[in-house]
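Asks: Here's my sequence, what's the structure:
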Amino acid sequence: MNNFNVEGDLGRHHLSISGASAECGISISTINRMVEQGTYPPKVKLSEKRIAFLVYQIEQWLQGARGGWK
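Replies: Modelled structure (predicted):
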């Protein structure tokens, strides 16, 4: 399991889009495009203006998963 310690980390269960970008080494625009294509974990709406990703799903993506998130 990865230990996410980036600025923008929202705790051990959620990762901000900037944190996900830093951990995965891809741009925010690439993440948004991949979310639309279904090849990146889905966004989780935390509030009206705040979105995040579930850390365990980012870990799955880093380990090679490219779809099937529910």
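Asks: How far away from the center of its chain is stretch 43-56?
Replies: Here stretch 43-56 is found 9 Å from its chain centre; the criterion is CA atoms, centre = their mean, to the nearest Å.
Asks: try stretch 39-52
Replies: Here the centre of mass of C-alpha atoms in stretch 39-52, compared against the chain's by CA atoms, centre = their mean, lies 8 Å away.
Asks: Which residue comes closest to residue 57 once chain neighbours are left out?
Replies: In space, not counting the residues next to it along the chain, residue 57 is nearest to residue 41; the distance is 3.6 Å by CB to CB, 6 or more residues apart in numbering. To be clear about C-beta, it is placed using only N, CA and C from the backbone, and glycine gets the same treatment.
Asks: Quick check on the one you found: phi, psi?
Replies: Per-residue torsions, residue 41: phi -50, psi 150 (degrees, to the nearest 10).
Asks: show me what contacts it?
Replies: When contacts are counted by CB atoms under 8 Å, 6 or more residues apart in numbering, residue 41 is found next to 35, 53-54, 57-58, 60-61, 69.
Asks: quick one, strands of the chain?
Replies: Assigned by DSSP state E, the chain shows strands spanning 14-16, 44-45, 51-54.
Asks: Flag the shaky bits of this protein, pLDDT-wise.
Replies: In the predicted model of the chain, residues 1-12, 69-70 satisfy pLDDT under 70.
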